[in-house]
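Colleague: model this:
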Amino acid sequence: MPAIPSQPGSPARVGPPPAPRRTAFAEGVEQVRAAATTEPGRLRIIGAVLALLVVAFGAVTTWQISERAAAADDVLHRSQPLSSGAAGIYRSLADANTAASSGFLAGGQETADSRDRYEKDIRTAAAGLVTAAANADPGSPSEATIARLNRLLPEYKGLIERARTYNRQGYPVGGAYLRYANEKMQKEMLPAAEDLYTKENQRLDADYGDATPYPWSAIVLGVLALAALGWAQHRTYRRTNRVLNHGLVAASAATTLVLLWLVVGHAVARSGLDGSYDHGIRSLKVLHDARIASLKARGNENLSLVARGAETVTVGGQTYDAYYYDFDKDMTVLGKGLTEADRLADDGAGTEPVKAAEGNMAVWKKRHTTARTEDENGNYQQALDMVIGGKGATGECFDSVDRNLALAIDHEQAEFKQAAGDGRDAMTGLPVGAAVLAVLGAAGAVAGIGRRLSEYR
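Modeller: Numbering: from 1, shown residues only. Here you go, the predicted model:
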């Protein structure tokens, strides 16, 4: 039967719809599947996977160790010095307050040394605040705390100068100004300085937390790369009876070297950093706290003679001189701090100044008890001589405690620097070395597989 011609204007008859066009990814998968059916194709896939694994291992090692090395460097050169600097700000402010009260008690006989000590402490605190401000993150709580201290410091100095002026003229209002200055120091400035110290310690702990974790991702990739290289060599041996493939052996050697360097280097670095924390940072924190307690105790001892019973506190239904009461609390903190510092000290050079400070504190407490008895019995001048006098005064004991604690801090600081420096140095060269060896290892893997491929041409 003849075909019926299509009428003009009628739609053309449509055949089966064309197959959907495959994506580039699907075509690539198909090509890989086709290549895997032949030995040369399989070898090319194996070579690409081996090179990718080795390069990925080197890249992850470089990335993780670079981050840990940077954090270790921050511990050594940034966060720990800033933590000690914050403690120094606190110490300078507290010591300035102590020196001011000592000078006030001396009245017209204030010595040049006492005045110079006060001025030096104020300058040290101001310089410390400048350094802290330069290293504070913009908009951070630390920046706000530093700004507050910078505002309070000149206010405090103004109060001290007024107290001195009125004291030299014999006006009792000078004592009120000194107590007001002390209140500003104790309730506003020292808490702010302590807050700054706490924040810097938190930054230090965070840097330790970034520097010490094991680089598990890199280690797992290294083991996986070695396993893949071992499998590839075993496969080559089964098909050719050749014991060694020089390219694959070179790739295995490079990967093994990076993995060993990674594990051993990081273990040594972690040991050094842990040692710097256990035998440096922990001791430094305890010693700084003990030194601050001694400064606060000395300031309260002086102010008890300035106030002469004008400030009291009621505890458990009993009324005490406020400054004597705080002195006893500070000495308790000092005693506990020295005991803990003695326990943490790991050598004679660290133990000796701490034990000396403990002896100084015991004598200080005895002399203070005698001075307090004289004061309570109305013998003010005798009590004053026993506190700010020369030989045999409590001030002599305080100076010895402060000096010995400074020696202990210097020793622990040196131990920290040595251990933290060793920890950081253990990672030196590892990021670059890992990258170079990984590239060589990948090239060796490609060359080894290429050697097998040449046998099919």
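Colleague: could you use CA atoms for every contact and neighbour count after this?
Modeller: Will do.
Colleague: just give the nearest non-adjacent residue to the spatially most central residue of the chain, would you?
Modeller: Closest to where the C-alpha atoms of the chain average out (Cα atoms, centre = their mean) is residue 204, at 1.6 Å. Of all residues not flanking residue 204 in the chain, residue 79 sits nearest, at 4.9 Å (Cα to Cα, 6 or more residues apart in numbering).
Colleague: repeat for residue 229
Modeller: With Cα to Cα, 6+ apart as the criterion, residue 229 has its nearest non-adjacent residue at 6.3 Å, and that residue is residue 252.
Colleague: show me what contacts that neighbour?
Modeller: Counting by Cα atoms under 8 Å, 6 or more residues apart in numbering, residue 252 touches 226, 229-230, 441.
Colleague: that one: which element?
Modeller: For residue 252, the element it lies in under DSSP states H and E is helix 246-276.
Colleague: quick one: residues contacting residue 193.
Modeller: Neighbouring residues of residue 193 by Cα under 8 Å, 6+ apart: 86-87, 89-90, 145, 149.
Colleague: for residue 314, which three-state class applies?
Modeller: strand (DSSP: H, G, I helix; E, B strand; the rest coil).
Colleague: so it sits against residue 320, correct?
Modeller: Yes - with contact defined as Cα atoms under 8 Å, residue 314 counts as touching residue 320 (6.2 Å).
Colleague: neighbour count: the two, which is higher?
Modeller: Per other Cα atoms under 10 Å, whichever of residue 314 and residue 320 has more neighbours is residue 320, with 15 against 11.
Colleague: need phi/psi at the more buried one.
Modeller: For residue 320, the backbone dihedrals (degrees, to the nearest 10) come out as phi -130, psi 160.
Colleague: bridging residues for it?
Modeller: Listed by DSSP bridges, the beta-bridge partners for residue 320 are residue 313.
Colleague: for it, give me the pLDDT.
Modeller: Residue 320 is assigned 73 on the pLDDT scale.
Colleague: so how far is residue 369 from it?
Modeller: Going from residue 320 to residue 369 by Cα to Cα, to the nearest Å gives 15 Å.
Colleague: what helix or strand is the residue nearest to the centre of the chain located in?
Modeller: Assessed by DSSP H and E, residue 204 sits inside helix 190-211.
Colleague: now do the very next helix or strand once past that helix against helix 246-276, angle only.
Modeller: Reading on from helix 190-211 to the C-terminus, the next helix or strand found by DSSP H and E is helix 216-240. Per axes from the mean of the first three to the mean of the last three Cα atoms, to 10 degrees, the angle that helix 216-240 makes with helix 246-276 is 160 degrees.
Colleague: start at 5, not 1
Modeller: Fine by me, first position is 5 from now on; the one you just mentioned is helix 220-244.
Colleague: so for helix 220-244, what gets flagged as buried?
Modeller: Residues 222-223, 225-226, 228-230, 232-233, 236-238, 240 are the ones in helix 220-244 that count as buried (16 or more other Cα atoms under 10 Å).
Colleague: may I ask you to confirm that the residue nearest to the centre of the chain is in contact with residue 77?
Modeller: No - contact criterion Cα under 8 Å: residue 208 and residue 77 do not qualify, at 11.3 Å.
Colleague: next secondary structure after the lengthiest helix in the chain?
Modeller: Longest helix in the chain, counting residues (DSSP state H): helix 43-78. The helix or strand immediately downstream of helix 43-78 is helix 84-110, counting by DSSP H and E.
Colleague: from the contact counts, what lies against the helix or strand containing residue 374?
Modeller: Per DSSP H and E, residue 374 falls inside helix 352-380. Packing partners of helix 352-380 (3 or more Cα pairs under 8 Å, 6 or more residues apart in numbering; DSSP states H and E): helix 326-348, helix 384-392, helix 398-429.
Colleague: closest one to residue 65 among these?
Modeller: The minimum distance between residue 65 and the helices and strands packed on helix 352-380 falls on helix 398-429, with 15.9 Å, by Cα to Cα.
Colleague: return the list of helices and strands in contact with the closest one.
Modeller: The contact analysis (3+ Cα pairs under 8 Å, 6+ apart) places helix 398-429 against helix 43-78, helix 250-280, helix 286-311, helix 352-380, helix 384-392.
Colleague: mean pLDDT and distance to residue 104 for those helices - can I get that in a markdown table?
Modeller: Converted to a markdown table, the helices and strands packed on helix 398-429 look like this (pLDDT from 0 to 100; distance: least, Cα to Cα, whole Å):
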| stretch | mean pLDDT | distance to residue 104 |
| --- | --- | --- |
| helix 43-78 | 90 | 37 |
| helix 250-280 | 92 | 37 |
| helix 286-311 | 88 | 9 |
| helix 352-380 | 92 | 19 |
| helix 384-392 | 85 | 12 |
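Colleague: any chance of these in a markdown table, plus distance to residue 341?
Modeller: Output for the helices and strands packed on helix 398-429, formatted as a markdown table (distance: least, Cα to Cα, whole Å):
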| stretch | distance to residue 341 |
| --- | --- |
| helix 43-78 | 28 |
| helix 250-280 | 20 |
| helix 286-311 | 5 |
| helix 352-380 | 10 |
| helix 384-392 | 23 |
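Colleague: closest to residue 101 out of those helices?
Modeller: The nearest among those, by Cα to Cα, is helix 286-311 at 6.7 Å.
Colleague: identify each buried residue in stretch 156-176, please.
Modeller: Using 16+ other Cα under 10 Å as the test for burial, stretch 156-176 gives 157, 160-161, 163-168, 170-172.
Colleague: which one of those is nearest to residue 180?
Modeller: residue 167 (7.6 Å).
Colleague: how about the contacts made by the closest one?
Modeller: Counting by Cα under 8 Å, 6+ apart, residue 167 makes contact with 108, 177-182.
Colleague: same thing but at 7 Å, please
Modeller: Applying Cα atoms under 7 Å, 6 or more residues apart in numbering to residue 167 gives the contacts 178-179, 181-182.
Colleague: for it, which non-adjacent residue is closest in space?
Modeller: Once flanking residues are discounted, residue 167 sits nearest to residue 178: 4.2 Å by Cα to Cα, 6+ apart.
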